[in-house]
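K.L.:
Pasting the sequence and the predicted coordinates here, then a few questions.
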Amino acid sequence: MPRFGLRLTVALLAVAAVAPSSAKAPATPPRIFIASDSTAQDYKPDKYPQSGWGTMLRCAVDPGIVIENRAIGGRSTKSFMAEGRLDAIARDIRAGDTLLIQFGHNDANMAKPERYTPIPDYESNLKRFIGVATAAGAHAVLLTPVTRRAFAGGHPTRSFPTYSDAAKRVAAETGTPIIDLAALSERWIEGVGPEDSARYYLHYKGAAGAPGYPNGVDDDTHFSELGARRIADIVATSLSELTLPIAAHVHGDRPALTRADPAGGPAC
């Protein structure tokens, strides 16, 4: 090699050795990030039995898999981003991680303008969430919004159909995997039935079994411990069927998520 070419090669190698890298090292093992609302979030013990499916998803994966549950109540795609929560995920997520994205409950709330997100904006926002994962070399997964407990003629009604349909359009346009949690959870509560499904949501008289609600509670949106376990089981089944690296870390047998009686907390 000519002397000049040799000197140039050495110089370039030296620059490469000291130049800071903007790429993040892959997470080992891969993590699951959850961007969502109160249906998925973690709760303090004083709110028991209110539980989120994101909490219970820990019972479905290998012990080394960390779940970064960034879900928080009352947030839509709009308010989640406005508060810098998506930016925080962008700073932390790494190659090989998985980002589960489930919104719609609060996006549909026209009574609260800080939350309300029209369908075109909802679609654009979902693409921004997907973009954060893609830019980091992570894997985005969309979820349609989990069902509320609402029946008509003995059958569950679709809770947020326009938002579910919008999420499906975004998934198709971007080639992003999607879990149709709306349809899957509707099918589940239909099998359970209008009356028996109450135990999976927040329906308690007085403080019996619900220390977080001493005056009782009737809530067809949020989950009891058992309800959160069942929804997590549905999500886990769907994750295991995706052609993503995280699928290999989902347990086939998940007795903690199908137990008949509550454990009194999020224990697996």
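P.N.:
Everything's here; your move. Residues are numbered from 1 along each chain as shown.
K.L.:
can I assume E190 is in contact with T157?
P.N.:
No. Using CB atoms under 8 Å, E190 makes no contact with T157, being 10.5 Å away. In this view, the C-beta of every residue, glycine as well, is placed from N, C-alpha and C.
K.L.:
mind showing which ranges of the chain have poor pLDDT?
P.N.:
1-23, 27, 207 (pLDDT under 70).
K.L.:
mind listing the strands in it by residue range?
P.N.:
Secondary structure of the chain (DSSP state E): strands at 32-35, 67-69, 98-102, 139-143, 151-152, 155-156, 178-179, 201-204, 217-223.
K.L.:
Could you give me the buried positions within the longest one?
P.N.:
With burial defined by 16 or more other CB atoms under 10 Å, the residues of strand 217-223 counted as buried are 217, 221-223.
K.L.:
All the helices of this structure, in order from the start?
P.N.:
3-18, 53-56, 77-82, 85-92, 119-136, 161-174, 181-192, 225-241 (DSSP state H).
K.L.:
Of those helices, which stretch is the most buried?
P.N.:
Mean neighbour count (mean count of other CB atoms under 10 Å) peaks for helix 53-56 among those, with a mean of 28.
K.L.:
which strands and helices sit next to that one?
P.N.:
Counting contacts by 3 or more CB pairs under 8 Å, 6 or more residues apart in numbering; DSSP states H and E, helix 53-56 packs against strand 67-69, helix 225-241.
K.L.:
again, only using 10 Å
P.N.:
strand 32-35, strand 67-69, strand 98-102, strand 217-223, helix 225-241 (3 or more CB pairs under 10 Å, 6 or more residues apart in numbering; DSSP states H and E).
K.L.:
okay, that helix in PDB with CA atoms only?
P.N.:
What follows is helix 53-56, C-alpha atoms only, in PDB (Å, rounded to 0.1, in the frame of the first residue of the first chain):
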ATOM      1  CA  TRP A  53     -52.600  -6.300  32.700                       C
ATOM      2  CA  GLY A  54     -49.100  -4.900  32.300                       C
ATOM      3  CA  THR A  55     -48.300  -5.800  35.900                       C
ATOM      4  CA  MET A  56     -49.500  -9.300  35.500                       C
END
